[in-house]
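*Asks:* Predicted model, plus sequence, below.
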Amino acid sequence: SVDSVINAEESGNVTLTLSGVDADADSVTVTLTDGDGTAVTAAAVAGDNGDWTVDVSGGTLIDGNVSVAVDMTDDAGNTASAATSFDLDTTADLEDDTDLAVSVDSVINDAESGNVTLTLSGVDADASSVTVTLTDSNGTTATAAATAGNNGGWTVDGSGGALIDGNVSVAVDMTDDAGN
């Protein structure tokens, strides 16, 4: 068994639990293969409770669907196999190496200050929350949740804060469905 989604935090310690392995199993091998065909293979180890585990962390698999193939051979040379898959999702930004980015007018005047809209790009399709924090030179912050638009773009209404004139830094925090 394996989680249906492995996130960045879990990817460094991926352990699969195998059940239904014959008591006379001589070898159990697990192979994970990503969408590019890169494979990571490891031998499973029998546990005291009859479950077999395999540590397949530390591989170089790319995000996306990863197939899992289990091959077993018993003392008599009989073989059996099983297969499953899971989603490897280790980044919160777009899978095409597009980084999260924010754009806004470089100068916001008094007339615009009541309606400041930031546009975000590079937001992952499975983003579950996107929060933008604006901080002025005095350390005063205004935080707002981003809203997904129909075109895939995200916007933030940054108006309504009590920020002072001057440079304002923008920080964007995004979490996707996998917890990245």
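*Replies:* Nice, thanks for sending it over.
*Asks:* quick one, helices of this structure?
*Replies:* Taking DSSP state H to define them, one finds helices in the chain at 8-11.
*Asks:* any low-confidence regions in it?
*Replies:* Residues of the chain meeting the criterion pLDDT under 70: 1-4, 8, 11-15, 50-51, 56-59, 92-100, 113-116, 151-153, 158-161.
*Asks:* can you do 90?
*Replies:* 1-32, 34, 38-66, 68, 70, 80, 82, 84-137, 139-180 (pLDDT under 90).
*Asks:* most distant residue from the middle of it?
*Replies:* No residue in the chain sits farther from the centre than residue 76, which is 42.5 Å out by CA atoms, centre = their mean.
*Asks:* Is that residue in contact with residue 25, as I believe?
*Replies:* No. Contact criterion CB atoms under 8 Å: residue 76 and residue 25 do not qualify, at 10.7 Å. All C-beta spots, glycine's among them, are computed from the backbone N, C-alpha and C.
*Asks:* For residue 62, give me its contacts.
*Replies:* 34-36, 38, 88 (CB atoms under 8 Å, 6 or more residues apart in numbering).
*Asks:* repeat for residue 177
*Replies:* 5, 89, 126-128.
*Asks:* one more time with 10 Å
*Replies:* 5, 7, 87, 89, 92, 124-129 (CB atoms under 10 Å, 6 or more residues apart in numbering).
*Asks:* Likewise for residue 128?
*Replies:* Applying CB under 10 Å, 6+ apart, we find residue 128 in contact with 92, 174-180.
*Asks:* Could you dump the contacts of residue 62 into JSON lines with distance to residue 61 and neighbour count added?
*Replies:* Listed next are these as JSON lines, based on distance: CB to CB, whole Å; neighbours: other CB atoms under 10 Å:
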{"residue": "34", "distance to residue 61": "4", "neighbour count": "18"}
{"residue": "35", "distance to residue 61": "9", "neighbour count": "13"}
{"residue": "36", "distance to residue 61": "9", "neighbour count": "10"}
{"residue": "38", "distance to residue 61": "6", "neighbour count": "13"}
{"residue": "88", "distance to residue 61": "6", "neighbour count": "24"}
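*Asks:* List the ones among those that fall in strands.
*Replies:* Using DSSP state E, the members of those that fall in strands are residue 88.
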